[in-house]
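*Asks:* With the input below, show me the fold.
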Amino acid sequence: MATTDEFLNETHEQGLRELEDFLRIPSISSQPEHADDVRRAAGHLAEQYKRIGLQNVEVIDTAGHPVVYADWLKAPGKPTVLLYGHYDVQPVDPLDLWTSPPFEPRQQDGLLFGRGSSDDKGQIALHWQAIQAWLRTTGELPLNLKVIAEGEEEISSIHFEDFVRANRDRLTTDYCVISDTTMVAKGFPAITYALRGLIYFELRVEAATVDMHSGLMGGVAPNPAQALAEILTRLKDSSGHILVPGFYDAVRPLSEEEHRQFARVPFDEAALKQTYGLEALQGEAGFTPTERNWARPTLDVNGIWGGYQGPGAKTIIPAWAAAKVSCRLVPDQDPKAVAAALRDYIDEVRPQTVRVSLTELESHSEPWITPVDHPLIQAGRRALERVYGKAPAL
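*Replies:* The predicted structure follows:
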């Protein structure tokens, strides 16, 4: 009888083909025209769970996209672990920046390219292949397992909390493992013990009810595109420090051990700049790039538009301009308090010649942290050190 490792090695190519089939489904949760594709991805995943021997497999409807559930509960006296993942993916725009079609997986230099390959379909495929390896080689799992995959993670899990509350008994577990994080470096083990929260807004600035001719109204009418730019530039200083009063008040400072753990993680600034075509890195003084990237709150402009954007010239003063703005939050920031502070500050700094509205899009998500001495963290550390031969960073 093959061991689990031998089984995985023997079925490696088949496992890649299974993942590629999953990646071909354009399960973009934010775009209504892909709603059927999202449901198709849920059904495809359910079929995989049935095929490998999981039980009680179900595609469960919500007020939005469905949730896929499965379990294996045949280890009496052993703990129960809930594995979480998501099968929806981000939009693929702009398509002209892709070097191959996003939903046609491509292998190159030992890597698999395709939308969702690392967020989060790749991790889900690793789950079902590892579960299959255990069941095929030993006939059982070493613990009780519940598996759940949602279809709305990329749109802030807007119906997931209601689903969890409605299925509290079904989802009861001793431990929960979130499999939606990345490896910090190839061959370097690490455990993600905290996740930042998110709030997302659309900021709209209006000056008039219609676009105006700049030859008739230039020098008289306020320009909302400029007003929007003025507001946005007052949200942060040139180093990236956020200027909204009270924004940092509740931020939990990093401990000395956290500073030490972050310093262990490999960081290659030159490689990062080359990968993304950056001229330089930017961020708050007093923190390393890794600390700023993982453990500090952020405020970013995600999109900006307004006025004439077609070919040629059109000499107007636009009636309005808009931007999308998001904040990543850390423990112990309160999304509602941060949203209120941002709203008050924008109202304070806006030019008084324009009208401003700030609309929160979707639902916010709160930051989350697990104590580093938690038994599951310690078990993960032991397992990773056994495999990699070195202690994982946190």
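
*Asks:* quick one: furthest residue from the center of this structure?
*Replies:* residue 216 (46.8 Å; Cα atoms, centre = their mean).

*Asks:* How about the contacts made by the residue most central in space within the chain?
*Replies:* The centroid of the chain falls nearest to residue 154 when counting by Cα atoms, centre = their mean (6.4 Å). Residues near residue 154 by Cβ atoms under 8 Å, 6 or more residues apart in numbering: 28, 29, 30, 86, 88, 89, 90. (C-beta placed from N, C-alpha, C; glycine too.)

*Asks:* Report whether the expected contact of the fifth one with residue 27 is present.
*Replies:* Same thing as residue 88. Yes - judged on Cβ atoms under 8 Å, residue 88 makes contact with residue 27 at a distance of 5.1 Å.

*Asks:* Show me the common contact partners of these two, please.
*Replies:* Here residue 88 and residue 27 have 38, 41, 151 as joint contacts, going by Cβ under 8 Å, 6+ apart.

*Asks:* Using CSV, please lay out the residues you listed together with neighbour count.
*Replies:* Output for the shared contacts of residue 88 and residue 27, formatted as CSV (neighbours: other Cβ atoms under 10 Å):
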residue, neighbour count
38, 24
41, 29
151, 28
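
*Asks:* Just the contacts of residue 154: which are in strands?
*Replies:* residue 86 (DSSP state E).

*Asks:* Quick one, which of the contacts of residue 154 are buried?
*Replies:* 28, 29, 86, 88, 89 (16 or more other Cβ atoms under 10 Å).

*Asks:* Can you check the pLDDT for the fourth one?
*Replies:* On pLDDT, residue 88 comes in at 98.

*Asks:* So which residues of this structure form helices?
*Replies:* Under the criterion DSSP state H, helices of the chain are mapped to 4-10, 12-23, 35-52, 121-138, 160-166, 168-171, 214-217, 224-233, 256-264, 269-276, 289-295, 335-349, 375-388.

*Asks:* Relative to residue 243, which of those is closest?
*Replies:* Set against residue 243 and scored by Cβ to Cβ, those come closest in helix 335-349, at 7.7 Å.

*Asks:* Which one of the shared contacts of residue 88 and residue 27 is nearest to residue 206?
*Replies:* Among the shared contacts of residue 88 and residue 27, and counting by Cβ to Cβ, the member closest to residue 206 is residue 38, at 34.5 Å.

*Asks:* If I look at that closest one, what pLDDT would I see?
*Replies:* Residue-level confidence at residue 38 comes out at 98, pLDDT.

*Asks:* Just give the nearest non-adjacent residue to residue 173, would you?
*Replies:* Nearest non-adjacent residue to residue 173, counting by Cβ to Cβ, 6 or more residues apart in numbering: residue 82, 4.0 Å away.

*Asks:* Any figure for the gap between the residue nearest to the centre of the chain and residue 383?
*Replies:* Distance, residue 154 to residue 383, by Cβ to Cβ, to the nearest Å: 29 Å.

*Asks:* Over to residue 173?
*Replies:* Taken as Cβ to Cβ, the span from residue 173 to residue 383 is 18 Å.

*Asks:* Between those two, which is the more surrounded one?
*Replies:* Neighbours were counted for residue 173 and for residue 383 using other Cβ atoms under 10 Å; residue 173 has more, 17 against 13.

*Asks:* Pretty sure the more buried one sits against residue 81.
*Replies:* Yes - judged on Cβ under 8 Å, residue 173 makes contact with residue 81 at a distance of 6.4 Å.

*Asks:* Residues in contact with both of these two, list them for me.
*Replies:* By Cβ under 8 Å, 6+ apart, the residues touching both residue 173 and residue 81 are residue 146.

*Asks:* quick one, what contacts the residue farthest from the centre of the chain?
*Replies:* Applying Cβ under 8 Å, 6+ apart, no residues qualify as near residue 216.

*Asks:* go on, residue 339?
*Replies:* 199, 201, 360, 364.

*Asks:* Widest-spaced pair of the residues you listed?
*Replies:* 201 and 364 (10.0 Å).

*Asks:* What's opposite residue 303 in the beta bridge?
*Replies:* Beta-bridge pairing of residue 303 under DSSP bridges involves residue 324.

*Asks:* and residue 250, how many neighbours does it have?
*Replies:* 15.

*Asks:* Return stretch 92-107 as PDB; C-alpha atoms alone will do.
*Replies:* The C-alpha coordinates for stretch 92-107 follow below in PDB (Å, rounded to 0.1, in the frame of the first residue of the first chain):
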ATOM      1  CA  VAL A  92      -9.600  40.100 -14.800                       C
ATOM      2  CA  ASP A  93      -9.600  43.700 -16.100                       C
ATOM      3  CA  PRO A  94      -7.600  45.100 -17.800                       C
ATOM      4  CA  LEU A  95      -7.300  42.100 -20.200                       C
ATOM      5  CA  ASP A  96      -4.500  43.700 -22.200                       C
ATOM      6  CA  LEU A  97      -2.100  43.300 -19.300                       C
ATOM      7  CA  TRP A  98      -2.400  39.500 -19.400                       C
ATOM      8  CA  THR A  99       0.200  37.600 -21.300                       C
ATOM      9  CA  SER A 100      -2.300  34.600 -21.700                       C
ATOM     10  CA  PRO A 101      -6.000  34.300 -21.300                       C
ATOM     11  CA  PRO A 102      -6.900  34.400 -17.600                       C
ATOM     12  CA  PHE A 103      -9.200  31.400 -17.600                       C
ATOM     13  CA  GLU A 104      -6.900  29.200 -19.800                       C
ATOM     14  CA  PRO A 105      -4.400  27.800 -17.300                       C
ATOM     15  CA  ARG A 106      -0.800  27.900 -18.600                       C
ATOM     16  CA  GLN A 107       2.300  26.100 -17.100                       C
END
